[in-house]
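Undergrad: Provide a 3D model corresponding to the input given below.
(chains A and B)
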Amino acid sequence: MDFSPTEYTEEQKAFAREVGEWLDANIPADMVFPRDPVNMTPEQFKMRKELGRKVGQKGWLFPGFPVKYGGGGLDAAHTAIIRQEASKRKVSLPPYHSPGGHLGAAAIMACATEEQKLLHLPPIFRDGAATWELFTEPEAGSDEANQQTNAIQAVREDDYFIINGGKIFVGGLYPPPDRMLLLTRSDLNAPRHENLAMFMAPGDLPGITITPLDLFVPSPFGGVSGPTAGSADGVKYQVFFDDVKIHQRYLIGGDRDGWKAATATLEVEHGGGDDDETGNRRMTAALFNDTQPSFIVRRFLDQCKNNPDIAARIRENPPLLESIIDIYIDAQKERFFSLRNAGGQGGRYGGVHSQLFSKMASIRLIAAMAKVLGPYTMTSDEEWASEEGLFEVGQRGALCLAPTGTPEVLKIVLSRALAIGR
Amino acid sequence: MALDLKLNESEEMLRKVALDFIRRDAPNQIVRELLETDTGYTEELWQKAVDMGWLGIIIPEQYGGAENPLTSAGVLFEVLGSAPLPGPYFSSGILGSSILLEAGSQDQKQAVLPQVVEGKTILSLALTEPAYSWEPAAIQTRAADKNGHFILNGIKLFTLEAGAATHFIVAARTGPEAGGQEGISLFLVDAQSEGISVRGLPGFMSGQTFEVKLDSVKVPDSALLGEPGGGWPALQRAIDRSIPVLCAYKVGACQALLEMSLEYSRIRIQFGQPIGRFQRVQDLIIEMIDHLDAARWATYECLWKLDTGRPAKESIHLAKAISSQAYWDVCTLALRVFSGISYSREHPVSFHTRESRRLYNYLGEPTFHRQKLARFIMEE
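TA: The predicted structure is shown next:
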């Protein structure tokens, strides 16, 4: 066995320098890096979109995908290098919220015709189109295939589908998105799983209404607990479709291929792929043996060690030290699971197991932060918040468990992978 | 150099041979019988282990051993833990040998280690006492220097494999009566020496856990391992190197418990369906994976660090804290999956449960290692 980090080759070192220098030259000096993405101004959001477009032109936005679709045609190591260099500069790629990119790409690559790939992918990969994911409905939460009980219907009208209904808990920032990855029901009478259609459609079609939800949770914990929180969503929307016409060319695959496409995205969401949104970027990082606990855990431990008031509190109250050790061990376990997956030892269950464990660990982490650091973790006040509000947004983010599947859903998926579930 | 978590060819071969041995020579019925004995082995089994070179797996070639890396020992003990195979394989072949290697003189190593490799000498560490602790301050056994020999007096409690041992490695104070690690010496003591009495401790951990009384036991100066009063650092280094191998034994045990629980949850029908369909049962299985995989990779990363000369102290504490708790908890979870049938002394879950409790505190309970970890977290 060898746990040593994969070392860059000379060529990879040179590539890392090239990427780093390019990013230094192109990340605007006045770009801000908010702990909570809702604090990003429209101007800052536009700045990030423009940076994404430039990165896309280099082929670095989705570097692992073929060049003909607007990707970079690069291998996993070079893809990891680009992500690492961007992360060092507090941006992830894309530098804005765009789940339809990684997730939509999985669906498109799995189901779309060549013509559809050439239509859908280059705008996202090369031109920096921001995409939202519109799957969840009031009656289709954990049961994603249960689209028939809501209002969405897709009925053929010549070359168009007419969409009616509504989506909920759609993450995004500054609507409308450039593209929507949209799951709909396409047949009222077909059996479950054979009655769905997936689209990658423009986000500004007539008849679409987008309304923000007033939620206390921000983006999920993985999105807001790291140094690149500015790339997270932060706001959830309801999206209503009122006789919206979508041309059939925006279909992914055929009009009964929706569940197959959704399954491809869920595979990524549940940890089978490598996607920023799900926190699995750590799996890629593990290839280069990113052996440190996560960003927020490191900041927490730094506070415990270096903040004299906190250190004194811990000395006076030994049970607090037990909480800190628990968090440290949890963080190490997360690291081991990332290594396991990166080393190809996770089997069918590794991805979803890591994701489940991380979600549960985040719940334990915020409880420990509250015990040890006290109410400082609950305020984003400029003067009094710890770590510029990182812990406050983390407190809320760790409760945002539903995206990519609640822990209970992940357990069902994991049990299937272990061949004991239904 | 790159991340590679697969076993290499020789480790795969070792694993296969060990698995064949367990399947052929140590099925459940044999393990059950061995667990009830004072020694934990039969002559036949012991000789087979000797013939395969397992007692000398980490001992240098110059002393007749195979001089394998610790990771190989981990692979072997993972398989032994799956049975779980009792007996002084770890006590003698790993821990005892490591203490000799760290503390013994060249002559002592030359005299003892080949005998360990051949299985003729069986070592057992006699360290902990009624004031149970893995810290040096708890050692009160005295070794009085009588010009040419020492007289040992004290009680060693929860001594593993004492019933099988031909020799004890005894930690005793030759220096100040109380204090830290200064003044602690190590002695290689013939188990048949006059004044030694060994008594098996009944109860949950019956078999292979003992009280060892030292009543004016006379040992020659040549029994002293290393410098008088300077035994603790060598002992600690040996314990550090041995811990991840013991952890691997627990990993193998957890793996076996997971596999049998998965299988049982697929075939045990209640309420008209396999119990694995019930989410409450699935929760138990998932919790087992949390424990098992954390223990596995904490252990093997630690072994890799030791084999490659990297700083490993933090990893040792981490691996021990995680794996001891893992074995304990995975047994409890398996008992919940199997329920009544696993209470039988003939059921492998019961073997493991007993072993998990017997080994929980050995070489430091999780609390002990967590406190050591705290030093790394808060100070370094």
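
Undergrad: mind checking the SS state of the residue of the stretch 201-350 of chain B found nearest chain A?
TA: Nearest residue of the stretch 201-350 of chain B to chain A (C-beta to the nearest C-beta) works out as residue B:276 at 3.2 Å. Where C-beta positions appear, they are placed from N, C-alpha and C, glycine not excepted. Under DSSP: H, G, I helix; E, B strand; the rest coil, the three-state class of residue B:276 is helix.

Undergrad: wait, what's in contact with it?
TA: A:415, A:420-421, B:262, B:265-266, B:282, B:285 (C-beta atoms under 8 Å, 6 or more residues apart in numbering or on different chains).

Undergrad: just the buried residues of those.
TA: A:415, A:420-421, B:262, B:265, B:282, B:285 (16 or more other C-beta atoms under 10 Å in any protein chain shown).

Undergrad: now the two most distant members of those residues.
TA: The span of these, defined through C-beta to C-beta, is set by A:421 and B:262 at 11.5 Å.

Undergrad: helices of chain B, start to end?
TA: Along chain B, the segments classed as helices by DSSP state H run B:9-25, B:28-35, B:43-51, B:70-82, B:89-90, B:97-103, B:106-117, B:231-267, B:279-307, B:313-338, B:348-358, B:366-379.

Undergrad: out of the ones you listed, which gets nearest to residue A:268?
TA: So among the helices of chain B, helix B:279-307 is nearest, using C-beta to C-beta, at 21.0 Å.

Undergrad: which strands or helices does the closest one pack on?
TA: If contacts are counted by 3 or more C-beta pairs under 8 Å, 6 or more residues apart in numbering or on different chains; DSSP states H and E, helix B:279-307 sits against helix A:318-342, helix A:350-373, helix A:407-417, helix B:70-82, helix B:231-267, helix B:313-338.

Undergrad: now with 7 Å?
TA: Counting contacts by 3 or more C-beta pairs under 7 Å, 6 or more residues apart in numbering or on different chains; DSSP states H and E, helix B:279-307 packs against helix A:318-342, helix A:407-417, helix B:70-82, helix B:231-267, helix B:313-338.

Undergrad: and that helix, what's its mean pLDDT?
TA: On average, the pLDDT along helix B:279-307 is 98.

Undergrad: how many residues are close by residue A:198?
TA: 30 (other C-beta atoms under 10 Å in any protein chain shown).

Undergrad: that one contacts residue A:258, correct?
TA: Yes: contact criterion C-beta atoms under 7 Å: residue A:198 and residue A:258 qualify, at 4.4 Å.

Undergrad: any shared contact partners between those two?
TA: residue A:183 (C-beta atoms under 7 Å, 6 or more residues apart in numbering or on different chains).

Undergrad: return the residues of chain B in contact with chain A.
TA: Contacts of chain B with chain A, taken as C-beta under 7 Å from any C-beta of the partner chain, map to B:1-5, B:71, B:262, B:265-266, B:276-277, B:279, B:282-283, B:285-286, B:289-290, B:293-294, B:297-298, B:300-301, B:304, B:318, B:321-322, B:370, B:373-374, B:377-378.

Undergrad: and the residue of the stretch 51-200 of chain A found nearest chain B, how many neighbours?
TA: Of all residues in the stretch 51-200 of chain A, the one sitting closest to chain B is residue A:77 (9.9 Å; C-beta to the nearest C-beta). Neighbour count for residue A:77, taken as other C-beta under 10 Å: 17.

Undergrad: which secondary element of chain A has the worst mean pLDDT?
TA: helix A:281-287 (a mean of 50; mean pLDDT, DSSP states H and E).

Undergrad: which is the next helix or strand following it?
TA: Note on helix A:281-287: by DSSP states H and E, the next helix or strand toward the C-terminus is helix A:295-306.

Undergrad: can you pull out the strands in the stretch 51-200 of chain B?
TA: Secondary structure of the stretch 51-200 of chain B, counting by DSSP state E, counting those that start in this stretch: strands at B:123-126, B:142-145, B:149-160, B:167-173, B:184-190, B:196-200.

Undergrad: what's the most buried one of those strands?
TA: Comparing these by mean neighbour count (mean count of other C-beta atoms under 10 Å in any protein chain shown), strand B:123-126 comes out on top with a mean of 29.

Undergrad: quick check, residue A:164 in a helix?
TA: No: read with three-state DSSP, residue A:164 is strand and lies in no helix.

Undergrad: that one: how many residues sit nearby?
TA: 17.

Undergrad: what pLDDT does it get?
TA: Looking at residue A:164, its pLDDT stands at 89.

Undergrad: I'd guessed it sits against residue A:246; true?
TA: No: shown here, residue A:164 and residue A:246 do not form a contact pair, counting by C-beta under 7 Å, at 11.5 Å.

Undergrad: circling back: mind putting the helices and strands packed on helix B:279-307 in TSV, distance to residue A:99 and mean pLDDT included?
TA: Listed next are the helices and strands packed on helix B:279-307 as TSV, based on distance: least, C-beta to C-beta, whole Å; pLDDT from 0 to 100:
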stretch	distance to residue A:99	mean pLDDT
helix A:318-342	21	93
helix A:407-417	17	94
helix B:70-82	41	98
helix B:231-267	34	98
helix B:313-338	34	98
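
Undergrad: comparing those helices, which comes out most buried?
TA: helix B:70-82 (a mean of 26).
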